[in-house]
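Peer 1: take a look and give me a structure for this.
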Amino acid sequence: MYSQDGTGLGHLRRSFNIATELRRRNPRCDVLIVADSPAVSIVGCAPGIDLVKLPTILKTGTTTWTSATLSMPARRLVQMRAQLMLHAFTEFAPDAVLVDHMPVGALGELKPVLDSAIARVRPPRLFLGLRDILDRPERIRRAWRQTGAYDYLPAYDAVLIYGSRSVFDATAAYGLTDAQAIEYCNYVARPRRAVAPTDMPAAPFMLMMGGGGGDAYPLASAFADATRAVHEATGAAAVILPGPNMSAAEAARLVRRAPRSVRVVTGCPDAAGWIPGAAALVTMAGYNSLCEVLAWEKKAVVVPRTGPSAEQRMRSTLFSRRSLIRAIPPERLTAERLGARLNRLLAEEDVPNLANIPPLNGAQRAAETLLDRVQARSRRRRAAAPAGPGDRPLVAAGAAGGSP
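Peer 2: A predicted model of the protein is given here:
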């Protein structure tokens, strides 16, 4: 799997969720995730699943990138990443490759891997996995034309869309008509089996989730101030999970800013254990965050990220129209407005509208598609020439972050 996620956790977590489902369905399947998220150590490994960490790059515009930590120019760093991925692909020799989000990777860095795969006598199955919304259609179409992504689209055996066509028609929006097959797998959410932390507040509380946390401070600080009004009206306490990528300086400033009724839990890698006990959530409109909101059927006030893509604004608008969440545009975010919105939300009984929650079994359906197609090819090969001892299906996987 290929996963580029320079600032957050969402794409890496989704890739890991699919990898876990692959292993659950076929314990003999090995998965290698090639990722550049700075949080790879938080997601960790599991039996049959491992990660290769690439140097991290950050998206600064629709088609512009920069190095996150190294002083190398982005283009040179991308060339190095491309060679690292080609070596991993050659040595791992997968039966299938799942590319997340970008058909040819950041700045086309996956082209050497794809060219090598296509040129093989027995090429691996190629799959492109797309979240529900990438960015405004005109931006994606322009970016894909510039990077030659549409030229490679027919090489993929199938495009797996982690969403519902009834919510957003990605096929029409992004011009996927040249794809061999398109499958809407539904949204990818983790099963509801989290264990609550031992220090969770006894009474219902408000929960602010920072996701990866790299750009969560403005929302977290507004929430810390907004909790005063909520606490006065309801007596509810609050918990802030800033996210693992929030800087130490911002996290310390947040601790100093928060009132006594607010607990700031730094260093928390996963919000899943805190969600079940929360009366309402505050979060940005990242894919994984909103899938968690829907999976636990929680009330949520959502403030989408300002950029660099319009993905979160688009998702929050669509989900708001379905009465799944309540949203505040980021330019209108104030502590007063957030506090008032939370107090109103707690009194509303029709949010989320359970009848409008889309299916959340995307990991299961994606894994089923991957294994079915790989194993169907294996059965045809065995019929032609019996496989040698020890053969087993392998899936190379990676997680990609922001828009191309």
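Peer 1: domains for this protein, by residue range?
Peer 2: 2-188+361-399, 205-356 (automatic domain parsing).
Peer 1: need the three-state assignment for residue 183.
Peer 2: strand (DSSP: H, G, I helix; E, B strand; the rest coil).
Peer 1: contacting residues for it?
Peer 2: By CB atoms under 8 Å, 6 or more residues apart in numbering, the contact list for residue 183 reads 158-161, 365, 369. From N, CA and C alone the C-beta is placed, and that goes for glycine too.
Peer 1: please apply the same query to residue 136.
Peer 2: 309-310, 314.
Peer 1: ok, so of the residues you listed, who is nearest residue 33?
Peer 2: Nearest to residue 33 among the contacts of residue 136, counting by CB to CB, is residue 309 at 22.7 Å.
Peer 1: which SS state does that closest one fall under?
Peer 2: Residue 309 ends up coil, using three-state DSSP.
Peer 1: need the pLDDT of it.
Peer 2: As predicted, residue 309 sits at a pLDDT of 88.
Peer 1: what about it, how many residues nearby?
Peer 2: By the measure other CB atoms under 10 Å, the count of residues near residue 309 is 21.
Peer 1: state the phi and psi torsions of it.
Peer 2: Phi and psi for residue 309, reported as degrees, to the nearest 10, are phi -110, psi 170.
Peer 1: distance of it relative to residue 335?
Peer 2: 26 Å (CB to CB, to the nearest Å).
Peer 1: residue 232 too?
Peer 2: 13 Å.
Peer 1: so these two - more neighbours on which side?
Peer 2: residue 335 (16 against 12).
Peer 1: got a list of what the residue lying closest to that one once chain neighbours are set aside touches?
Peer 2: Using CB to CB, 6 or more residues apart in numbering and skipping the chain neighbours, the partner closest in space to residue 335 is residue 225 (3.5 Å). Contacts of residue 225 were listed using CB under 8 Å, 6+ apart, and they are 257, 335, 339.
Peer 1: what's the pLDDT at residue 225?
Peer 2: 95.
Peer 1: thinking again about what came up before, okay if I get the domains of the chain as CSV plus distance to residue 199?
Peer 2: Converted to CSV, the domains of the chain look like this (distance: least, CB to CB, whole Å):
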stretch, distance to residue 199
domain 2-188+361-399, 20
domain 205-356, 8
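Peer 1: pick out the shakiest of those domains, pLDDT-wise.
Peer 2: It's domain 2-188+361-399: among the domains of the chain, that one has the lowest mean pLDDT, namely a mean of 88.
Peer 1: and that domain, how far from the chain's centre?
Peer 2: Centre-to-centre, domain 2-188+361-399 and its host chain are 13 Å apart (CA atoms, centre = their mean, to the nearest Å).
Peer 1: can you give me the helices for the stretch 251-400 of the chain?
Peer 2: 287-295, 311-321, 335-347, 362-384 (DSSP state H, counting those that start in this stretch).
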